[in-house]
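K.L.:
Next one to model:
(one chain, ligands or ions: 2)
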Amino acid sequence: MNERANDGMIGAAVPRPDALDKVRGEARFVDDLAFPGMLHAAVIRSTVPHAKICKLDLTSVSKHPRVTCTLTANEVPGENVVHVIYDYQPALADEIVRYVGEPIALLAAEDRASARSAAAHATIDYEELPAVFDPLSALSPDAPTVAVPAATEKAPNLFNAMRIRKGNVAQGFAQADVIVEGEYRTGYQEHAYLETQGAIAVPELNGAIAIYGTMQCPFYVQAAVAKVLGLPLSKVRVIQTATGGAFGGKEDVPSLVSSLAALLAWKVRRPVKLVFDREEDILTSSKRHPSIVRYKSGAKADGTLTAIEVDFVYNAGSYQTLSSAVLWRGLMTAAGPYRIPHVKIDGRSVATNTVPCGAFRGFGSPQVIFAHESQMDRLAERLGIDRLEIRRRNALQIGDETATKQRLGESVGVLQTIEEAGRLAHWEERLRKVEAFNAASRDRRRGLGISSVIYGVGLGGKAPFLDKAGAYMKLEADGSIGIAVGTVEMGQGLTTALTQIASEALSVPFDRIHLAPVDSSRVPDSGPTVASRGTMMSGLAILDAAAKLKERIRAAAKDLHIPEEEIPSRLQEIAQAFWMRNLDPAVEGWAKGAPVDWDEETGLGNAYFVYSYATHIAQVEVDLTTGEVSVEDFVAVHDSGRIVNHQLASGQVEGGIAQGLGFALMEEISQKDGHLMTTGFTTYRIPTIRDIAADTKVAFVEALYPAGPFGAKGLGEVPLMASHTAVSRAVAHALGAAVNAYPLSPERVKTTLPSRA
Ligand code: MTE
Ligand code: MOS
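P.N.:
Residues are numbered from 1 along each chain as shown. Ligands and ions are numbered 1, 2, ... in the order given. Okay, the predicted model is just below:
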């Protein structure tokens, strides 16, 4: 077959197959779907942060004329748990509630308004228990126990403690000419996806059930629903509906939402829809873990890092959900993209009586990145070394060892991202201009920030069993290609990228290939669509399937006396022959990640099979009168290996920059005694188009990863990871102040940061 026929597909800007439906309003999100006889669910939730449930009376709920049924914990047919990583979180609380908003009972009604209003009629008597809301107090031995089961007698609320021990930090600090220490804090970040959480459970024939919903991980939902209903996995079919953004927020939460809808549907034998309104979504769904990071770094006079000692604590909320994964990924990122001989890192995730936190773009790493990049700047300042230069001198290169002693053998582009970002930003010249501006200005200050990051793509050594993916591929009788994969489109452009990969691999035109909606019954468990693994893992599965299908196509062509080079143009004819001669036109592709390992005790090992890198540079202007920060200019350079679609990749970077800017400057959820006080977008401010730098330059240095599809690694999360610290460091530079906490809202800038004026 002519391998070059479709050359140029990789990297090209092609129209997104899902774009027209979305802009025309024809894409069907979960709330656009209805099934005959469908009921609407509402959740009766805890109004207190920690209590024993003494009495639950649903009589007035049931009396509502439009309410069809109610459901409580004792009616759960399978196990009353939300299965994520552990099985401790009840689907419906039966004895104890541990956070405000925890589900206690369910109801289904003929319409949504009735469902929601009836939910308010439940009578619940509580015996309130002592509660704890911040992770440091929760770690004290006499704190009330939140965690189920209590972790240890000494630290009942310590969900996870993980560590890395490399070299000898005492020796490393002894070799240092300067040592800087800092403490950094970040708060919640809400995903603010366009579409709130939602699912529809539809009982099917023969004792099966189907779930339609907005989600990242159909196979997680399948496992959770099977567990709560007590069904075999094969009787649970999960179909992902068009998904209006996820950003990690639809990794674990859909397992809860779908389980609740499924419980009702199973009881009444009718389809049941559960869709959250925005307030319910913000109050009860996962968020980025609030963090406290203590960081000590040592470097020699020439800037060479000698040692780091890091101790960080994440507030996990009342249940573990994904906290162990979030913590582990934070741990793996905490050293930054630098060569450091002596490393000691401790991370803890802690239970409190607050809403469970989960995955959010960057997956536990933005919090530690804020710290490691702030530390780099402070070392540079103390040593009188330029900030870009100190990063350049310490950047990991091929042959170096990471903090976990992983020897990097290939595809390490961080140095190139630093140098290219510096070049595109005209770093030195710009620094001089900023200084000149500041010298001449009274009420405004400008600043430059730089931030470099490393990110392990895929699930890595903590959960290697999840790094797999399948692809089902079929040659239709007209020569078009149907594909089913198990990773999802959530706005990031995966469908487009995978279609491009298939097009290039098969030498079939892009518009002759169609990816079916993700349906768990069509493909084997392909792991979750998280950790920026979609393009790489499903791409590899597609390549595997394509190789097999091409083999069969070649054989058929030979029989038909069609020369190799004519296969692409005569594929229709060959497909017809497949059909006429009863040849098998379908193949399965499979991919699994390269081996990884990680030692629990030392924290050392080959944590991930490959890493992506980025460097961002931001220029801000601070209004000293109002405290407002505006981002004026931005340069983002990424190494994600081969870029499959430059336009979409740039879109990922631009979106990630905005989301990081929001994290650094404005996004804030206040919490009082376990109650979240920020319930909607009037008080939860997210960036708009007006907050984004008018001039944003995006570039890619493509350090190819030979084991990835056409050399691709992962990109999706990395932009957010790099951008927030470029912004916060630019503010620190502008003010000449220590910036130790987010968000840098006008209030904080005005009241807590000294200005250089
Ligand atoms: N981009 C859009 N538009 N919407 C999203 O929900 N999620 C991010 C990122 N980019 C997201 C997004 C997150 S958290 C991840 S893990 C990756 O996309 C997942 O997609 P990928 O594996 O295809 O990169
Ligand atoms: Mo992304 S936080 O890995 O879903």
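K.L.:
Name the secondary structure element that contains Leu448.
P.N.:
Assigned by DSSP states H and E, Leu448 belongs to strand 444-456.
K.L.:
What pLDDT is listed against the residue of the stretch 601-750 of the chain found nearest ligand 2?
P.N.:
For the stretch 601-750 of the chain and ligand 2, the shortest gap (CB to the nearest ligand atom) falls at Glu717, measuring 5.5 Å. All C-beta spots, glycine's among them, are computed from the backbone N, C-alpha and C. Here the pLDDT value assigned to Glu717 is 98.
K.L.:
Over to Met1?
P.N.:
Value for Met1, per-residue pLDDT: 38.
K.L.:
Check the burial of Asn161 by counting its neighbours.
P.N.:
Just to correct that, residue 161 is Ala rather than Asn. Residues lying near Ala161 (other CB atoms under 10 Å) number 15.
K.L.:
Grab the nearest non-local neighbour of it.
P.N.:
Leaving aside its sequence neighbours, Ala161 sits nearest to Arg348 (CB to CB, 6 or more residues apart in numbering; 4.9 Å).
K.L.:
Surely Tyr608 and Arg329 touch.
P.N.:
No - judged on CB atoms under 8 Å, Tyr608 makes no contact with Arg329 at a distance of 9.6 Å.
K.L.:
So for the two, which residues contact both of them?
P.N.:
Counting by CB atoms under 8 Å, 6 or more residues apart in numbering, the contacts common to Tyr608 and Arg329 are 456, 460.
K.L.:
contacting residues around Asp344?
P.N.:
If you look again at residue 344, you'll see it is Lys, not Asp. 163-166, 169, 307-310.
K.L.:
If we use 7 Å, what do you get?
P.N.:
165, 169, 309 (CB atoms under 7 Å, 6 or more residues apart in numbering).
K.L.:
can you tell me how far it sits from Arg163?
P.N.:
8 Å (CB to CB, to the nearest Å).
K.L.:
now do Arg45
P.N.:
37 Å.
K.L.:
And these two? Which one has more around it.
P.N.:
A direct count of neighbours by other CB under 10 Å for Arg45 and Arg163 places Arg45 higher, at 20 against 16.
K.L.:
tell me the phi and psi of the closest residue to that one other than its chain neighbours?
P.N.:
Distance criterion CB to CB, 6+ apart; nearest residue to Arg45, sequence neighbours excluded, is Gly101 at 5.0 Å. Per-residue torsions, Gly101: phi 110, psi 0 (degrees, to the nearest 10).
K.L.:
Can you check the pLDDT for Gly101?
P.N.:
So Gly101 comes in at 98 (pLDDT).
K.L.:
ok so, going back, now, the contacts of Lys344 that are in helices?
P.N.:
Val169 (DSSP state H).
K.L.:
So, low pLDDT: which residues of the stretch 1-150 of the chain?
P.N.:
Along the stretch 1-150 of the chain, the parts satisfying pLDDT under 70 run over 1-7.
K.L.:
repeat for the chain
P.N.:
In the chain, residues with pLDDT under 70: 1-7, 755-757.
K.L.:
Can you classify the most far-flung residue of it relative to its centre by secondary structure?
P.N.:
Within the chain, the residue lying farthest from the chain centre (CA atoms, centre = their mean) is His561, at 50.1 Å. His561 falls in the coil class when you classify it by DSSP: H, G, I helix; E, B strand; the rest coil.
K.L.:
hmm, back to that, list the contacts of the residue nearest to Ala161.
P.N.:
Taking CB under 7 Å, 6+ apart as the test, what Arg348 contacts is 158, 160-161, 313.
K.L.:
In this structure Ala403 contacts Ile340, no?
P.N.:
Yes - between Ala403 and Ile340 there is a contact under CB atoms under 7 Å: 6.2 Å.
K.L.:
Counting neighbours, go ahead and name the busier of those two.
P.N.:
Ala403 (29 against 26).
K.L.:
in which helix or strand would I find that one?
P.N.:
Ala403 is part of no helix or strand, with elements assigned from DSSP H and E.
K.L.:
Report the separation between it and ligand 1.
P.N.:
Ala403 is 22 Å from ligand 1, where distance means CB to the nearest ligand atom, to the nearest Å.
K.L.:
got the residue ranges for the helices in the stretch 201-350 of the chain?
P.N.:
Listed in chain order, the helices of the stretch 201-350 of the chain (DSSP state H, counting those that start in this stretch) span 218-229, 253-268, 278-284, 323-333.
K.L.:
So what's the gap between the third one and the chain middle?
P.N.:
Going by CA atoms, centre = their mean, to the nearest Å, the spacing between the C-alpha centre of helix 278-284 and its chain's C-alpha centre is 19 Å.
K.L.:
Give me the residues contacting that helix.
P.N.:
Contacts with helix 278-284, where a contact means CB under 7 Å, 6+ apart, come from 45, 101, 190, 196-197, 355, 676, 679-680, 684.
K.L.:
cutoff 8 Å now
P.N.:
Identification of contacts with helix 278-284 by CB under 8 Å, 6+ apart yields 43, 45, 100-101, 190, 196-197, 276, 355, 669, 676, 678-681, 684.
K.L.:
again, but for the last one
P.N.:
Identification of contacts with helix 323-333 by CB under 8 Å, 6+ apart yields 85, 159-160, 162-164, 289, 312, 314, 316-317, 345, 347-349, 356-359, 363-365, 367-369, 403-404, 453-456, 459-460, 462-463, 531, 603, 607-608, 721.
K.L.:
That one vs ligand 1: in contact?
P.N.:
No - for a cut-off given as CB under 6 Å from any ligand atom, helix 323-333 has no contacts with ligand 1; the smallest distance is 10.9 Å.
K.L.:
any bit of that helix sitting next to ligand 2?
P.N.:
No - using CB under 6 Å from any ligand atom, helix 323-333 stays clear of ligand 2, coming no nearer than 8.4 Å.
K.L.:
what separates the closest residue to Gln175 other than its chain neighbours from Leu388, distance-wise?
P.N.:
Excluding its sequence neighbours, the residue lying closest to Gln175 (CB to CB, 6+ apart) is Thr306, at 4.6 Å. To Leu388, Thr306 is 20 Å away according to CB to CB.
K.L.:
Could you do Ser259 as well?
P.N.:
49 Å.
K.L.:
who's more crowded, the two?
P.N.:
Between Ser259 and Leu388, counting by other CB under 10 Å, Ser259 is the more crowded of the two (29 against 22).
K.L.:
and the nearest residue to the more buried one once chain neighbours are set aside, what does it touch?
P.N.:
Sequence neighbours aside, Val228 is the residue nearest to Ser259 in space, at 4.4 Å (criterion: CB to CB, 6+ apart). Contact analysis of Val228 by CB under 8 Å, 6+ apart lists 76-83, 91, 259, 262-263.
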